[in-house]
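Q: coords below, sequence missing:
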């Protein structure tokens, strides 16, 4: 077989050297349309006689024992992969089609327990997709994989890993035709996830499959024993993620996000029947200190993948599709999530879902004080604040900042109320962390220099305050038996403490600003000799801001007579200490 492959290689090299040099565009060809021969008229192309004999010898030697056939297949597969990467498209397509025919017969053979030949049989397609430069050849390779999955789903066995690895390469391909074909093949792979035989006995053919979720819990063990699909959730999600990150075709990236929803459907059906997606084997034993595996399996894997898309993808359409999928999973399957999935959602998903980008991040209090000092020296504080917010947080144009702000406000207005509703219905063990995270998000928005973002943060906190009474009641009812549990249960302090700290910081900032403005106004008026006409430090600040003194006195009188005025805090009006 080695000698025959060597002669075949000589024929292919001799034929490729005899062809004339053509322009690059003609050599590569187009992705669509009829195939054109690459050899000029009147000159022979590469001979395929020995390559045909290699395929025939492989076909007739498949009945040998697995050990002998494994050695033969190593030589044959290397020759066919090399021919698939031949510059002549006719040779490359013939080699890929020969691989398809041989693998179809290989998959018809039953796989032994200690000899898994399906994985080695499908490995050549991975090499073709990685090494071939012709888009039509790669597209044909994906079609062959798709045919193998659809025709032999019960005979792949260990070959599922090679199928998913090959589709990962196809999903990241730069050709839209290859990527579209890969999306169709990935749908078959997702549908085969956690698929089992319809019966554990031999009365029904093994290729009649059914979803594991449609069968009763009493037959879980026989079903798991008769698994004909695959359980490679992590590899499947990585292949889908490669398609989402492909920048060549926006619509295909959005459709790849929908495949993650189909994975969630299969996972929910699998868990309903009693199955459970475990931590990757050996990962927990070799885990470094301080590293967790919450996002490496089960629901945490899906949530972490969607969070990565929301955080790292720069296309708004893809981000919106990922957000819709996240909240779809939250609304439909949140009752199925374990503690690890909730940790991923609270500490990873929420952190990136409503986080403010650096372009809109709030300026530090020191920057605000510097702007106020500039305003005190000459100019309005509001104008300097707007200029610092635009100049310090943005590297793009004002129109881009406005569009980004509008998108964030729409996201907050749509998703924050849904999160508040979830805080009232989730399990008490996760309510505390969720409420704390929501309060932190609202306070972070409130502390921004932008009026619109700060107002949205105040509205979000008010919405959380409306939901909190029900959350506190449910948590108290479930944790009333333990004083230690009550110390960590939901209470108003989780909302009031961060708000109080933010308001306290604002009050301190206002005091500093007032002192700076008062000092600047005092110095300026002393130079102009107008201090005697002002009469008080408060009037100096009012004069600096252009406020009418008479109008300010009227407002002060109205405030003193209101329920929020100073009379409320007299000794007679103070509430009792017990109810304070």
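A: All right, it came through fine. Source: prediction; values computed, not measured.

Q: which other residues reach stretch 403-421?
A: Residues outside stretch 403-421 that contact it (Cβ atoms under 8 Å, 6 or more residues apart in numbering): 316, 323, 327, 330-331, 350, 353-354, 356-357, 359-360, 434, 438, 441-442, 445, 450, 452-453, 456, 460, 463-464, 466-467. (C-beta placed from N, C-alpha, C; glycine too.)

Q: 6 Å - rerun?
A: With Cβ atoms under 6 Å, 6 or more residues apart in numbering as the test, stretch 403-421 has contacts from 438, 456, 460, 463, 464, 467.

Q: could you do stretch 302-312 as well?
A: Under Cβ under 6 Å, 6+ apart, the answer for stretch 302-312 is 237, 241, 244, 260, 264, 295, 319, 322, 325-326, 344-345, 348-349, 352.

Q: just the buried subset of those residues, please.
A: In terms of neighbour count (16 or more other Cβ atoms under 10 Å), the buried residues within the contacts of stretch 302-312 are 237, 241, 244, 260, 264, 295, 319, 322, 325-326, 344-345, 348-349.

Q: by average pLDDT, which secondary structure element in this protein comes out worst?
A: For the chain, using mean pLDDT, DSSP states H and E, the weakest element among its helices and strands is helix 24-28, scoring a mean of 32.

Q: immediately after that one, which helix or strand?
A: Following helix 24-28 in sequence order, the next helix or strand is helix 49-60 (DSSP states H and E).

Q: what's that next one packed up against?
A: For helix 49-60, the elements it packs on are helix 2-18, helix 66-84, judged by 3 or more Cβ pairs under 6 Å, 6 or more residues apart in numbering; DSSP states H and E.

Q: looking at those, which has the lowest confidence?
A: Here these differ in mean pLDDT, and the lowest is helix 2-18 at a mean of 85.

Q: could you give the angle of that one to helix 49-60?
A: 150 degrees (axes from the mean of the first three to the mean of the last three Cα atoms, to 10 degrees).

Q: from the contact counts, what lies against helix 2-18?
A: Using 3+ Cβ pairs under 6 Å, 6+ apart: helix 2-18 touches helix 49-60, helix 66-84.

Q: in JSON lines, list those helices along with mean neighbour count and distance to residue 120.
A: Converted to JSON lines, the helices and strands packed on helix 2-18 look like this (neighbours: other Cβ atoms under 10 Å; distance: least, Cβ to Cβ, whole Å):
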{"stretch": "helix 49-60", "mean neighbour count": "16", "distance to residue 120": "13"}
{"stretch": "helix 66-84", "mean neighbour count": "18", "distance to residue 120": "6"}
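
Q: would you turn those into CSV with distance to residue 107?
A: Below are the helices and strands packed on helix 2-18 laid out as CSV (distance: least, Cβ to Cβ, whole Å):
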stretch, distance to residue 107
helix 49-60, 14
helix 66-84, 13
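
Q: now for those, which one comes closest to residue 191?
A: Between residue 191 and the helices and strands packed on helix 2-18, the tightest spacing by Cβ to Cβ is seen for helix 66-84, at 28.0 Å.

Q: now do the helix or strand following that closest one: everything it contacts.
A: Next along the chain after helix 66-84, taking DSSP H and E as the criterion, comes helix 89-107. If you take Cβ under 6 Å, 6+ apart as the criterion, helix 89-107 is touched by 38, 46, 55, 58, 80, 83-84, 86, 121, 124, 134, 137, 140-141, 144, 152, 155.

Q: which parts of helix 89-107 are buried?
A: Buried, per 16+ other Cβ under 10 Å, within helix 89-107: 89-100, 102-104, 106-107.

Q: give me the below-cutoff pLDDT ranges for the stretch 151-300 of the chain.
A: 153, 155, 196-228, 279-295 (pLDDT under 70).
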